[in-house]
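> Please find the sequence and the predicted model below.
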Amino acid sequence: MPQIPGGLELVLILAVVILLFGGKKIPELAKGLGQGIKNFKKSVKDDDEVVSTDEPKKVDTKEEVVSNETTKEKQV
């Protein structure tokens, strides 16, 4: 089972990230990551709303038959 890095390991990882990307690039990366997460949550919420509205509705077949018969009588 992998262990969670401690304080010294986190500082070392953070230093390597700063060296690789530079101080100016990290806020841009964090902003892009935040926007990506926001868009993902929004799309999941929109998909949930679409699924809930697409549920089939129960139709009473007796009402359909009666309404079709009355429509035919009106046409004659």
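Perfect, I can see it now.
> Low-confidence ranges, this structure, go.
By pLDDT under 70, the low-scoring segments of the chain are 51-76.
> residue ranges of the strands in it, please?
Taking DSSP state E, the chain contains no strands at all.
> max-length helix in it?
Criterion DSSP state H: the longest helix present in the chain is helix 25-53.
> buried ones in that helix?
For helix 25-53, burial by neighbour count (16 or more other CB atoms under 10 Å) applies to no residue. Bear in mind the C-beta positions are built from the backbone N, C-alpha and C, glycine included.
> That helix packs against which elements?
helix 7-21 (3 or more CB pairs under 8 Å, 6 or more residues apart in numbering; DSSP states H and E).
> contacts for the helix it packs on?
5, 26, 29 (CB atoms under 8 Å, 6 or more residues apart in numbering).
> CA atoms only for it, dumped as CSV, please.
The C-alpha trace of helix 7-21 is given here as CSV (Å, rounded to 0.1, in the frame of the first residue of the first chain):
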residue,chain,number,x,y,z
GLY,A,7,6.4,17.3,4.8
LEU,A,8,9.9,17.0,3.4
GLU,A,9,8.8,15.0,0.3
LEU,A,10,6.0,17.5,-0.4
VAL,A,11,8.5,20.4,-0.3
LEU,A,12,10.9,18.6,-2.6
ILE,A,13,8.0,17.8,-5.1
LEU,A,14,6.9,21.5,-4.9
ALA,A,15,10.5,22.7,-5.6
VAL,A,16,10.8,20.4,-8.6
VAL,A,17,7.4,21.6,-10.0
ILE,A,18,8.5,25.2,-9.6
LEU,A,19,11.8,24.5,-11.4
LEU,A,20,10.1,22.7,-14.2
PHE,A,21,7.2,25.2,-14.9
